[in-house]
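# Here is the input, now give the coordinates:
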Amino acid sequence: MSARLLPTPTPARAAAVLREIFGRIKAPVAFRLWDGSEVRLSGDKALNTVVIKSPETFLDLIRDPSPYNFAEAYVSGAVDFEGDIFAVMPVANEMEELRVPTHQKLRLLLSLWKG
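Numbering: from 1, shown residues only. Just a heads-up that it's a prediction; the model follows:
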């Protein structure tokens, strides 16, 4: 499914999707969305923040939430990391274990139409 065919997600909907996909990650990490809103995944103070610069980048990352896809987005400048880059490695390790079934990804992407 092309990101171009999907509606632009609202930050609130994007936050809900991020929590559902990455909520099992125990590391103190947060996401900052293109509008400046922050999504924390744990109650702890975030050691790292992943800055997602656009709704299109968000959609690309959700379609394939792998460390490789995040690294590629970082290299291209579509995301940025704030904090100690070495401290984010445990997050990447947890993401390696993350499995998002296709039906869940489709359900989450389609939920973006609900607003």
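# Now do the strands in this structure.
Using DSSP state E, the strands of the chain run over 29-32, 38-40, 48-52, 79-83.
# Including mean pLDDT, could those go into a markdown table?
Shown next, in a markdown table, are the strands of the chain (pLDDT from 0 to 100):
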| stretch | mean pLDDT |
| --- | --- |
| strand 29-32 | 90 |
| strand 38-40 | 90 |
| strand 48-52 | 91 |
| strand 79-83 | 90 |
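# Which of those strands sits closest to residue 8?
Proximity to residue 8 (Cβ to Cβ) singles out strand 48-52 among the strands of the chain, at 13.0 Å. Where C-beta positions appear, they are placed from N, C-alpha and C, glycine not excepted.
# between the closest one and strand 79-83, how big is the angle?
Interaxial angle, strand 48-52 versus strand 79-83 (axes from the mean of the first three to the mean of the last three Cα atoms, to 10 degrees): 160 degrees.
# What strands flank strand 48-52, and is each parallel or antiparallel?
Paired with strand 48-52 in the same sheet, following DSSP bridges, are strand 29-32 (parallel), strand 79-83 (antiparallel).
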